[in-house]
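S.K.: Just need the structure, nothing else, for what follows:
(one chain, ligands or ions: 3)
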Amino acid sequence: MCGIVGIVGTTEVAAALYDGLTVLQHRGQDAAGIATGKGTRLRVHKGNGLVRDVFDAEAMALLDGRVGIGHCRYPTAGSEGHDEAQPFYVNSPYGIALAHNGNLINTDALRQEIFETDRRNINTESDSEVLLNVFAHELDGQRGLTPDAALNAVEGVHRRARGGYAAVALVLGLGLVAFRDPNGIRPLVLGRRETDAGTEYAVASESVALDILGFERMRDVAPGEGIVITARGELHARQCAEPSDSAPCIFEYVYFARPDSMIENISVHKARMRMGVTLGEKILRERPDHDIDVVIPIPDTSRDSAMELANVLGVKYREGFVKNRYVGRTFIMPGQGERAKSVKRKLNPIPLEFRNRVVLLVDDSIVRGTTSKQIVQMARDAGARKVYLASAAPPVRHPNIYGIDMPSVEELVANGRSEQEIEALLGCDWLVYQDLADLEAAVAGHKFPGKTFDSSCFSGEYVTGIDPGYFERLRQLRSDEAKKKRRAGA
Ligand SMILES: O=P(O)(O)OC[C@H]1O[C@H](OP(=O)(O)OP(=O)(O)O)[C@H](O)[C@@H]1O
Ligand SMILES: NC(=O)CC[C@H](N)C(=O)O
Ligand SMILES: [Mg+2]
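M.R.: Numbering: from 1, shown residues only. Ligands and ions are numbered 1, 2, ... in the order given. I've put the predicted structure just below:
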């Protein structure tokens, strides 16, 4: 789940792109990059690591121009290597750099088509390089370099690409192009800032990036829409695909996005609080005479839900785990060994909150079970009398194929297991999951009743349809085992 940002400014934009990426860091910790354009020169600097590690003063000084894009990466395709860091660059036509959040599900077919029909080579395993080349080819087929030509090219992308994608592209001689897949699976928001020198525009994965840069949030980029902001600051927008089922990714609200972001006019913080309410109500229905002494969140993401859940139950909310702020998010780490080790390094219990108590631990989701297995044990070791575990999301039983790296069902702790079996495996005294209908209602809230989402990792229903054999191929390419082998060079 990468973070993307693009800015058309009235002055140099590199520093603002850097700041934007630092607040999108939670979306990808593996690699980061910025591309800027000035005159006929497009500059790209990218590398593995956190934003603060990838850029130094020297690199920043080279990134000149008033138009630019940035990316922080959490890989869902290809390797974690340096050459798959983004933005990707292609010199023809005009010089284009592109940054992509999401995952294409017809990458192989597109790669072949691009080689055989479009006569373009894709030099990495990245689906984002494929996306860039589809856009480049479609733009090449247009007459001239105008906003209309770029929007026609976006139409071409929507015709050919399948999957989840939100993308920003820098086209030399034109400006910034942004687009979002026809189902709107991946988020993208548009903002504006007035300056003495004129209007500036920014697009970003999450509105928090606009907030910290001082841009006013205008609206989400619509599913299937294309946007062009010329280097002179003119905004052009057009619907570039037939209307499709709207399916924003529900996992953004569960885990990925920052709580201070608004996605599709829904506050992530409020959505998480409502998840806590519905889960609390379920607990009261199932165990009206519960013996819970204290509700303890598993930091960070579950805090908003856990707090409201405690309110509904009428029991104390306590911070029982201290998080080491220098360890990143564990779920988006590439290997299981690293994920497992990091939970221990990251979270440490305060024994007095556990001793002789019946504790209800709350997490936003249980995916591989890496976190919860260790946390339940830590709570016991810290003296808890009983350890209950509640998940603000339903069991994850299906792969995510639109930009969250859960490609292989074998790695999911809920795969092929009943809730009782998962409870036994995680070693807790009681395990309770949110129901999917409650989760969807909680995210939609009162303002958007009946709103639909991509909830495929919970439901197994995929809005784009799936080609036969896709899951097996994905498993071969992206299981933890396959990644380990690739890293070892086997
Ligand atoms: O079942 P698992 O495979 O362990 O995955 C789920 C856990 O991973 C995430 O935490 P993470 O440490 O990534 O980030 P956070 O600090 O934002 O909660 C999520 O919040 C759960 O705690
Ligand atoms: N998480 C993402 O959005 C990943 C983008 C792209 N598929 C990559 O692997 O680089
Ligand atoms: Mg967590």
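S.K.: Gly403 against Leu104, yeah?
M.R.: No - in this structure, Gly403 is not within contact of Leu104 by CB atoms under 8 Å, at 9.6 Å. No exception for glycine: its C-beta is placed from N, CA and C like everyone else's.
S.K.: joint contacts of those two?
M.R.: With contacts defined as CB atoms under 8 Å, 6 or more residues apart in numbering, the residues shared by Gly403 and Leu104 are Gly164, Tyr165.
S.K.: Tell me the residues on this structure that lie near ligand 2, please.
M.R.: 1-2, 73-78, 100-103, 126-128, 403 (CB under 6 Å from any ligand atom).
S.K.: Filter the residues you listed down to the ones in strands?
M.R.: The members of the residues of the chain next to ligand 2 that map onto strands under DSSP state E are Arg73, His100, Asn101, Gly102, Asn103.
S.K.: Can you verify my assumption that the second one contacts Tyr165?
M.R.: What that stands for is His100. Yes - between His100 and Tyr165 a contact is recorded at 5.9 Å, counting by CB under 8 Å.
S.K.: In terms of neighbours, single out the busier of these two.
M.R.: His100 (30 against 26; other CB atoms under 10 Å).
S.K.: Just grab the bridge partners of the more buried one for me.
M.R.: Ala167 (DSSP bridges).
S.K.: Let me see the confidence value for it.
M.R.: For His100, the pLDDT comes out at 98.
S.K.: For it, give me its contacts.
M.R.: His100 neighbours (CB under 8 Å, 6+ apart): Cys2, Ile4, His71, Gln86, Asp127, Ser128, Leu131, Leu132, Tyr165, Ala166, Ala167.
S.K.: let's go with 7 Å and repeat that
M.R.: Gln86, Ser128, Leu131, Tyr165, Ala167 (CB atoms under 7 Å, 6 or more residues apart in numbering).
S.K.: how much space between the second one and Arg287?
M.R.: For Ser128, the distance to Arg287 under the criterion CB to CB, to the nearest Å works out to 47 Å.
S.K.: what touches both of His100 and Tyr165?
M.R.: Leu131.
S.K.: Can you dump the C-alpha atoms of stretch 104-112 in CSV for me?
M.R.: Provided in CSV are the C-alpha atoms of stretch 104-112 (Å, rounded to 0.1, in the frame of the first residue of the first chain):
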residue,chain,number,x,y,z
LEU,A,104,-2.6,-4.7,-11.4
ILE,A,105,-4.0,-8.2,-11.9
ASN,A,106,-3.3,-8.5,-15.6
THR,A,107,0.3,-7.6,-15.4
ASP,A,108,1.6,-10.6,-17.3
ALA,A,109,-0.8,-10.3,-20.2
LEU,A,110,-0.1,-6.5,-20.4
ARG,A,111,3.7,-7.1,-20.3
GLN,A,112,3.5,-9.4,-23.2
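S.K.: Show me what counts as buried in it.
M.R.: Leu104, Ile105, Asn106, Thr107, Leu110, Arg111 (16 or more other CB atoms under 10 Å).
S.K.: Next up, the contacts around Gln25.
M.R.: Taking CB under 7 Å, 6+ apart, one finds Leu50, Val51, Cys72 in contact with Gln25.
S.K.: In the stretch 151-300 of the chain, what residue comes closest to ligand 1?
M.R.: For the stretch 151-300 of the chain, the residue closest to ligand 1 is Asp300, as judged by CB to the nearest ligand atom, at 3.8 Å.
S.K.: State the distance from Asn415 to Thr124.
M.R.: 30 Å.
S.K.: re earlier: Ser128 and Arg287 - which one has more neighbours?
M.R.: Ser128 (30 against 14).
S.K.: Settle this for me: that one is touching Pro87, isn't it.
M.R.: No - Ser128 lies out of contact with Pro87 (CB atoms under 7 Å); the separation is 8.6 Å.
S.K.: which residues are common contacts for the two?
M.R.: Joint contacts of Ser128 and Pro87 (CB under 7 Å, 6+ apart) are Leu98.
S.K.: Can you pull the residues of the chain lying near ligand 1?
M.R.: 255, 298-301, 329-332, 363-372.
S.K.: So which of the residues you listed sit within helices?
M.R.: Thr370, Thr371, Ser372 (DSSP state H).
S.K.: just the residues you listed now: which is nearest Asn311?
M.R.: Ranked by distance to Asn311 (CB to CB), these are led by Ser372 at 22.7 Å.
S.K.: Give me the contact list for the biggest helix by length in the chain.
M.R.: Counting residues, the longest helix found in the chain (DSSP H) is helix 268-286. The contact list for helix 268-286 (CB under 7 Å, 6+ apart) reads 253, 257-261, 290, 304-309, 312-313, 390, 392, 432, 434-435, 438-439, 441-443, 445.
S.K.: Now render the contacts of His100 as a markdown table, adding distance to Arg159 and pLDDT.
M.R.: As requested, these are exported to a markdown table (distance: CB to CB, whole Å; pLDDT from 0 to 100):
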| residue | distance to Arg159 | pLDDT |
| --- | --- | --- |
| Gln86 | 23 | 98 |
| Ser128 | 18 | 97 |
| Leu131 | 13 | 98 |
| Tyr165 | 13 | 98 |
| Ala167 | 15 | 98 |
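S.K.: Select from the residues you listed every entry located in helices.
M.R.: Going by DSSP H, the helices hold Ser128, Leu131 from the contacts of His100.
S.K.: now, the most widely separated pair of the contacts of His100?
M.R.: Gln86 and Tyr165 (12.5 Å).
S.K.: so the residue of the stretch 151-300 of the chain closest to ligand 1 touches Lys323, yeah?
M.R.: Yes - assessed by CB under 7 Å, Asp300 is found in contact with Lys323 at 6.4 Å.
S.K.: Output the below-cut-off pLDDT ranges for the stretch 351-490 of the chain.
M.R.: Counting by pLDDT under 70, the ranges of the stretch 351-490 of the chain that qualify are 489-490.
S.K.: got the residue ranges for the helices in it?
M.R.: Under the criterion DSSP state H, counting those that start in this stretch, the stretch 351-490 of the chain contains helices at 370-381, 419-426, 436-444, 456-459, 470-478, 480-487.
S.K.: ok, how many other residues are close to Ala441?
M.R.: 18.
S.K.: same check, this time on Gly173
M.R.: Count around Gly173 with other CB under 10 Å applied: 13.
S.K.: now do Ala392
M.R.: When neighbours are counted by other CB under 10 Å, Ala392 registers 32.
S.K.: same check, this time on the one 5 residues further on
M.R.: The tally of other residues near Arg397 (other CB under 10 Å) stands at 16.
S.K.: wait, it sits on Glu411?
M.R.: No - look at Arg397 against Glu411 with CB under 7 Å: they stay out of range, at 11.6 Å.
S.K.: quick one: Gln25 and Ala161, what's the gap?
M.R.: Taking CB to CB, one finds Gln25 at 27 Å from Ala161.
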